[in-house]
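Participant: Pasting the sequence and the predicted coordinates here, then a few questions.
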Amino acid sequence: MLLTVKRLLGQQCRLQVSGEEQISLVKSLVSEELNVPANQQTLLFQGKVLDGEHRLSDYPIGPESTLYLVIKKPEPIYLTELSEPTPAQPHSVWYRLSQVLEKHFKTSDAVSVLERVLNDYYRGLGLLSLENIEELAVDILNPEEADGKPYH
């Protein structure tokens with residue numbers, strides 16, 4: 001059967017598929033045609049969301065039907081190490097630093113020093129501009145170009 005898939009604000013594509021195809025395969029084909037990742041797609045037919053586990057034949061979709069594509073915002077990616085200070089994680093830098101501090105200071109002083117380091121670290125991260133982050137990324141990804149280049 002020949003299906004038309006329309007984005008709500010523009011593009012469309014036509015797909016030749018069997019009624020026995022899973023919706024997840026249709027999403028993969030739409031991804032190739034319209035350059036929209038499958039995990040950001042919601043396909044609708046007659047106002048109903050099509051479940052990726054079902055087949056086209058599970059819905060009253062016939063030849064020449066039109067499916068509508070709604071694009072979801074991508075899920076934000078969080079760097080867990082940077083999302084919150086978690087000194088209790090045994091393999092984290094903060095945990096290791098707390099162990100070193102406890103060897104050299106009494107516990108209350110070690111806690112104070114660790115809190116200060118954490119606060120300074122996160123305050124410093126907050127002061128980084130997008131340009132600073134981009135420069136760091138370029139330097140990390142291209143170390144041969146960064147040699148001898150002063151940091152800002």
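Facilitator: Perfect, thanks for sending it. Residues are numbered from 1 along each chain as shown.
Participant: Which residues does V49 form beta bridges with?
Facilitator: Assessed by DSSP bridges, V49 has beta-bridge partners L44.
Participant: What is the neighbour count of D139?
Facilitator: 14 (other CB atoms under 10 Å). (Each C-beta comes from the backbone N, C-alpha and C, glycine too.)
Participant: Report the separation between it and I133.
Facilitator: Going from D139 to I133 by CB to CB, to the nearest Å gives 11 Å.
Participant: S31: what's it in contact with?
Facilitator: By CB atoms under 8 Å, 6 or more residues apart in numbering, the contact set of S31 is P37, A38, Q41.
Participant: is it true that it lies in a strand?
Facilitator: No - using DSSP: H, G, I helix; E, B strand; the rest coil, the secondary structure at S31 is helix, not a strand.
Participant: distance of it from D120?
Facilitator: Distance from S31 to D120, by CB to CB: 44 Å.
Participant: Quick one, grab the pLDDT at the residue of the chain most remote from its centre.
Facilitator: Distance from the C-alpha centroid of the chain, by CA atoms, centre = their mean, peaks at K106 (41.7 Å). Confidence at K106, expressed as pLDDT, is 87.
Participant: Output the longest helix belonging to this structure.
Facilitator: Using DSSP state H to define each element, the chain has its longest helix at helix 107-127.
Participant: That one - contacts with which helices or strands?
Facilitator: On a contact count with 3 or more CB pairs under 8 Å, 6 or more residues apart in numbering; DSSP states H and E, helix 107-127 meets helix 93-104.
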